[in-house]
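*Asks:* got a sequence here, can you model it:
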Amino acid sequence: MSLSLFFGIGFPCVFYWGVGVPCPACGLTRAFINAVRLDFGQAFAYHPLFIIVPILPLIASGSTKPKVQNTLWIIAIVLIIAVWVVRMALFFPDTLPMVFNWQSLLGRVLQTVRGG
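*Replies:* Numbers count the residues shown, from 1 in each chain. Predicted structure coming up:
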């Protein structure tokens with residue numbers, strides 16, 4: 001979604017449109033949009049880790065030690081996945097942005113199987 005926001009290309013999230021489940025980064029684009037509008041509460045609601053995305057590369061690139069860079073990236077990935085798991089447990093399938101996409105490939109298969 002972020003590519004479509006900045007370049008008008010219109011790439012959908014392959015994960016979301018394939019399996020219908022929000023990916024770990026789901027909500028980041030909307031979080032950034034709200035942060036630019038200075039609505040940090042809504043930005044946090046869309047993705048609580050939106051602030052680490054622009055900051056982490058700056059911190060990691062400031063270190064010349066590969067071990068430090070790798071450690072920071074691993075911490076970020078673990079954090080993003082942990083937050084995704086919590087968001088899925090608390091908000092899926094009916095609270096934005098953690099909603100199930102019935103128009104996804106899996107959603108359509110499930111609707112066909114259910115006869116709907």
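
*Asks:* what residue is smack in the middle of this structure?
*Replies:* Ala25 (1.5 Å; C-alpha atoms, centre = their mean).

*Asks:* who are the packing partners of the biggest helix by length in the chain?
*Replies:* The single longest helix within the chain, with elements called by DSSP state H, is helix 66-91. For helix 66-91, the packing partners by 3 or more C-beta pairs under 8 Å, 6 or more residues apart in numbering; DSSP states H and E come out as helix 52-62, strand 98-99. Yep, even glycine has a C-beta here, placed from its N, CA and C like the rest.

*Asks:* list the contacts of the last one.
*Replies:* What that stands for is strand 98-99. Here strand 98-99 makes contact (C-beta atoms under 8 Å, 6 or more residues apart in numbering) with 22, 26-27, 87-88, 91-93.

*Asks:* mind doing that once more with 10 Å?
*Replies:* Under the criterion C-beta atoms under 10 Å, 6 or more residues apart in numbering, residues 16, 20-22, 26-27, 46, 84, 87-93 lie in contact with strand 98-99.
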